[in-house]
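Visitor: when you get a sec, could you give me coordinates for this:
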Amino acid sequence: MKRLVIEENPGTGFWETYSELWYSSRERPAFQAPLLLQLFGETCKNVLAIQLMSDARLLGAFVLRKSNNSYSFLSDLKSDFNFFVIHSDASEADLEFFFTAFFIEARKRKWKLILNTVPEWARYMSLFESCGLKSKLYFKKIRYSVCPAIEGKENKSVFDIVNHSRQYRYSVNRLRSQLGAVFEILTGDEDLERWAGEFYESHIMRWEHTSTPSKFNNFTDQEFVLKCLKAWAAQKILVRFSIIVNGKRIGFVIGLRETGKLIHHSTTFHPDFRKFGPGKAVTYSMSKWMLENNLDVLDFGYGDEEYKLVLANKKQTTSRIFISRRSDIAFIFKSKLIEAIRNRPAIYRFYLERIRRRFKKSKVIAATN
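Guide: Got it, this is the predicted structure:
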């Protein structure tokens, strides 16, 4: 028998069951990894675990957190994408029951929800939207971001596509021949704290004297990201790529493994080595490692920065979804205002660079206090 279960501030029992679900899902989404969400859940208040149960079996779940009088994904604290975690055996009928029951409960409890970076390519997305539009709730979906990716196809791997670029090969060869660079790949937690410290140092120097200085000037942000790295490492999905010159790391990528893919989550380089193209060189190193580990997609994650678009042959999109009672005029107005801003590039760029960065920093600090 199927039923919807909502658990407030879930404890150890939920996280153990959720972990089994995550391992049984198709994607094993990195930003909804059990140890990462459990870390957030233990430090945040007002957390809800929304669960689809079939008898005693967990077939689907997502975890929300209440902030500023509305609910959003708990994984928003550190995420490029926010997936629902769905068992690979769950049928379309199971999911329709799950989503319909969720919308009924949301209406009954008078919830307001803002679901960010929802992946449009998720197998359940069209069904979730259909159930939302059929519900007696206000349901508004707007385009959120582009997520470029390199997908191996037509007998070409990600490495073949990257290796085809002369610039990427040249950066690797130049670093090796002129500076004696060594390319490092770490798949566990070895030397993690020093690696993170060097990453922060380079990130701060890379963005110094720009309009968007590094968030790692703040020790709280450094500590928070280190905890995330430790959780991903313990989950065995963290892969760190770096370039070492004269015993010091000068190029970095934080990579995260999912089923069949690698997420290029975060990157930086020491600005003194800019002319050597360390970003290109470390991407080349990643693509070679992917070939050796049978990964077919290099997902660049949230954002449409130029370095992502150069090689990308696939443009995924994410959405932001607003859900509330139809009588909640203030919330509906807010959603329409956000949509209007999002559709005006100049205003939206100002929002990203001046407002959103400060808001996200305050959200992390508030959530962990």
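Visitor: now tell me what touches stretch 254-261 from outside.
Guide: Outside of stretch 254-261, the residues that reach it under the criterion C-beta atoms under 8 Å, 6 or more residues apart in numbering are 26-31, 149, 199, 229, 232, 237-241, 262-267, 286, 295-299. C-beta here means a position set from N, CA and C on the backbone, and glycine is covered the same way.
Visitor: so of the residues you listed, which ones are in strands?
Guide: With strands defined by DSSP state E, the entries of the contacts of stretch 254-261 inside them are 149, 238-241, 262-267, 297-299.
Visitor: can you select the buried ones from these in ChimeraX?
Guide: In ChimeraX, selecting the buried portion of these, with burial taken from 16 or more other C-beta atoms under 10 Å, looks like this:
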select :149,238,239,240,241,262,263,264,265,266,267,297,298,299
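Visitor: could you dump the ones in strands among the contacts of stretch 254-261 into a markdown table and include pLDDT?
Guide: Conversion of the ones in strands among the contacts of stretch 254-261 to a markdown table gives the following (pLDDT from 0 to 100):
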| residue | pLDDT |
| --- | --- |
| 149 | 96 |
| 238 | 98 |
| 239 | 98 |
| 240 | 98 |
| 241 | 98 |
| 262 | 98 |
| 263 | 97 |
| 264 | 97 |
| 265 | 97 |
| 266 | 96 |
| 267 | 96 |
| 297 | 97 |
| 298 | 97 |
| 299 | 97 |
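Visitor: show me how this protein divides into domains.
Guide: 2-146+318-367, 153-295 (automatic domain parsing).
Visitor: these: lowest mean pLDDT?
Guide: Taking the average pLDDT of each of the domains of the chain, the minimum falls on domain 2-146+318-367, with a mean of 91.
Visitor: the domains of the chain: which one's closest to residue 309?
Guide: Taking C-beta to C-beta as the criterion, residue 309 comes closest to domain 2-146+318-367 out of these, the separation being 8.6 Å.
Visitor: ranges for the strands of this protein?
Guide: In the chain, the segments counted as strands under DSSP E are 2-8, 47-54, 57-67, 70-73, 85-86, 113-119, 138-151, 182-186, 238-245, 248-258, 261-269, 297-299, 314-324.
Visitor: make a markdown table out of the domains of the chain and add distance to residue 307.
Guide: Shown next, in a markdown table, are the domains of the chain (distance: least, C-beta to C-beta, whole Å):
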| stretch | distance to residue 307 |
| --- | --- |
| domain 2-146+318-367 | 14 |
| domain 153-295 | 6 |
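Visitor: of all those, which one comes closest to residue 306?
Guide: Of all those, it is domain 153-295 that lies closest to residue 306, at 10.8 Å by C-beta to C-beta.
Visitor: span of the closest one from start to end?
Guide: End-to-end distance for domain 153-295, by C-alpha to C-alpha, to the nearest Å: 12 Å.
Visitor: and it, how far from the chain's centre?
Guide: With C-alpha atoms, centre = their mean, to the nearest Å as the basis, domain 153-295 stands 16 Å off its chain's centre.
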